[in-house]
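Asker: sequence first, predicted coordinates after that:
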Amino acid sequence: IDQQIIEAITMSTDTGVSLPSYEEYQGSKLIRKAKEAPFVPIGIAGFAAVVAYGLHKLKSRGNTKMSIHLIHMRVVAQGFVVGAMTVGMGYSMYREF
């Protein structure tokens, strides 16, 4: 009876979907994901570049208020990320169809 229960559980949980291997390292997972969606790392890098540029220009902003400067940098960073996502979606649609 025990063997029948084990076989029934095994058959009911076998969905045919393979789970990702736990042996996959984070670096290789990141590389695989970057190959699947190449514009995601570009968007992240662009966001980081805009933030770094904004922090660099923070000292030489002139008479501009701090809040206005931060709002401008936030809008530029978000625009870069949304642009990268849009181009990535367009690329994936082009590749699919």
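Answerer: It's in. Numbering: from 1, shown residues only.

Asker: which residues touch Met73?
Answerer: Val50, Val51, Tyr53, Gly54 (Cβ atoms under 8 Å, 6 or more residues apart in numbering). C-beta coordinates here come from the backbone N, C-alpha and C atoms, glycine included.

Asker: in TSV: the residues you listed, plus distance to Gln78, secondary structure and neighbour count.
Answerer: Below are those laid out as TSV (distance: Cβ to Cβ, whole Å; DSSP: H, G, I helix; E, B strand; the rest coil; neighbours: other Cβ atoms under 10 Å):
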residue	distance to Gln78	secondary structure	neighbour count
Val50	9	helix	19
Val51	11	helix	14
Tyr53	14	helix	13
Gly54	12	helix	17
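
Asker: between the residues you listed, which sits nearest Arg61?
Answerer: Nearest to Arg61 among those, counting by Cβ to Cβ, is Gly54 at 9.4 Å.

Asker: so which strand or helix has the nearest residue to the closest one once chain neighbours are set aside?
Answerer: Here the nearest residue to Gly54 in space, its sequence neighbours aside, is Met73; by Cβ to Cβ, 6 or more residues apart in numbering that works out to 3.5 Å. Element membership for Met73 (DSSP states H and E) is helix 66-96.
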